[in-house]
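K.L.:
One predicted model, sequence on top.
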Amino acid sequence: MPETSQNTFFVSSRASQQFIDITGEVQSRIDRSGVKNGVCFLFLPHTTAALTLNENWDPAVPADILHTLEHQTAPSSPAHMHEEGNSPAHVRSSLFGASQILLIENGRLVLGSWQGVFLAEFDGPRERRVFVKVMEG
Amino acid sequence: MPETSQNTFFVSSRASQQFIDITGEVQSRIDRSGVKNGVCFLFLPHTTAALTLNENWDPAVPADILHTLEHQTAPSSPAHMHEEGNSPAHVRSSLFGASQILLIENGRLVLGSWQGVFLAEFDGPRERRVFVKVMEG
Amino acid sequence: MPETSQNTFFVSSRASQQFIDITGEVQSRIDRSGVKNGVCFLFLPHTTAALTLNENWDPAVPADILHTLEHQTAPSSPAHMHEEGNSPAHVRSSLFGASQILLIENGRLVLGSWQGVFLAEFDGPRERRVFVKVMEG
């Protein structure tokens, strides 16, 4: 049984703004690692997307979150200078963060009843890469 | 002395929006673990609350933060579709995050002079559970 | 070769609101640790600044992020009660977070092509301290 394992998987977004549930993919990486108790680190090498935890039961929750980000928290602005025009996506990436820590107990992710792991796309559609590192302990 | 230990504690919020200082509770879990140097991971299995670090000296600081979240960063909106009506709490949870990393030196949390660890309640009053994992190293 | 190492470095900001690229400084600490594969934890013992990942290529990106924080996400407000007058800095600190997790592969930080590590100053100019902990595994 390895003490740690690291690998990556890819996620393809299909819209400009989208929450993609990656809970199952992360769990399958933990299964393969053989680690029963420890910590799972997720890392996203992108600056216009993020990793976040939220409710994965009612699809209205991600929709309302994206609506709030676009209209209230981090809207576009004529004052933005970055020529690619995706400055709001960069703001949202720093607000939600590019990494997540998850705990593992008896080989399973510790999560609340309605809690899932999402890749939050803010500048899609694109292919995104997620790094998974599992540490026993 | 165990190399790692994991356990949980419960926090009861008394208001809809509230910062609850959990610094002492976290430190007591580190004391019991016997770990002198390492990393402490905190995880919250909830999607309408968060864990955050901020000033725990002047109570006006948490009050001003909650005011900003409610009126500027993530207010309620008639456009929200989630029927429970707590979409702003879900947004705030992703903004602050459901986990924290803390460092341990000589058995003590590494914190700034006025820095404390808070459970940020965004949809209370409720009972919330906090997972604590301590890793030596 | 040590299994873990921890140390700190200092960063001096020169403006009230400023992104300071600390990627090179973090990499140099990893070099000195001798750790080839593992996790790097960064921790900031301050409550009016943050650590964040974002694009470190076009300087317009940090400028646009700071503009959005000031004008949209977490502006100042006459309703704020904290007498130091820096409540927006406290909000921004909790929004971006005081810590970061980074992965290490073959002795190098895992980062996207245009991704860098920043200290985000929200109440400068000040001297800030950054803790770096490297864990092998």
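P.N.:
Ah, there it is. Residues are numbered from 1 along each chain as shown, chains lettered A, B, ... in the order given.
K.L.:
For the closest residue in space to residue A:118 that isn't next to it in sequence, grab the count of nearby residues.
P.N.:
What sits nearest to residue A:118 in space, not counting adjacent residues and going by Cβ to Cβ, 6 or more residues apart in numbering or on different chains, is residue A:19, at 4.6 Å. In this view, the C-beta of every residue, glycine as well, is placed from N, C-alpha and C. A count of nearby residues for residue A:19, using other Cβ atoms under 10 Å in any protein chain shown, gives 22.
K.L.:
Would you state the helices of chain A in chain order?
P.N.:
A:23-33, A:60-68, A:87-96 (DSSP state H).
K.L.:
Make JSON lines out of those and add mean neighbour count and distance to residue C:96.
P.N.:
Rendered in JSON lines, the data for these read as follows (neighbours: other Cβ atoms under 10 Å in any protein chain shown; distance: least, Cβ to Cβ, whole Å):
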{"stretch": "helix A:23-33", "mean neighbour count": "17", "distance to residue C:96": "24"}
{"stretch": "helix A:60-68", "mean neighbour count": "22", "distance to residue C:96": "17"}
{"stretch": "helix A:87-96", "mean neighbour count": "27", "distance to residue C:96": "6"}
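K.L.:
now these in JSON lines, with mean pLDDT and distance to chain C?
P.N.:
Formatted as JSON lines, the entries for the helices of chain A read as follows, by pLDDT from 0 to 100; distance: least, Cβ to the nearest Cβ, whole Å:
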{"stretch": "helix A:23-33", "mean pLDDT": "96", "distance to chain C": "12"}
{"stretch": "helix A:60-68", "mean pLDDT": "97", "distance to chain C": "11"}
{"stretch": "helix A:87-96", "mean pLDDT": "98", "distance to chain C": "4"}
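K.L.:
Residue A:117 bridge partners, please.
P.N.:
With DSSP bridges applied, residue A:117 shows beta-bridge pairing to residue A:53.
K.L.:
Quick one: neighbours of it, just the number.
P.N.:
Counted with other Cβ under 10 Å, the burial measure for residue A:117 works out to 24 neighbours.
K.L.:
residues in contact with the closest residue in space to residue A:25 that isn't next to it in sequence?
P.N.:
Setting aside the residues directly before and after it, residue A:25 is nearest to residue A:9 in space (Cβ to Cβ, 6+ apart), at 5.6 Å. Counting by Cβ atoms under 8 Å, 6 or more residues apart in numbering or on different chains, residue A:9 touches A:22, A:25, A:29, A:129-130, A:132.
K.L.:
Look at the residue most central in space within chain A and report its pLDDT.
P.N.:
For chain A, the residue sitting closest to the mean C-alpha position, by Cα atoms, centre = their mean, is residue A:51 at 2.2 Å. At residue A:51 the predicted local confidence, pLDDT, stands at 98.
K.L.:
ok, it - contacts?
P.N.:
With contacts taken as Cβ under 8 Å, 6+ apart, residue A:51 has the following neighbours: A:42-44, A:96-100, A:117-120, A:130.
K.L.:
And those, which is closest to residue B:67?
P.N.:
Top of the list for closeness to residue B:67, among these and by Cβ to Cβ, is residue A:96 at 21.7 Å.
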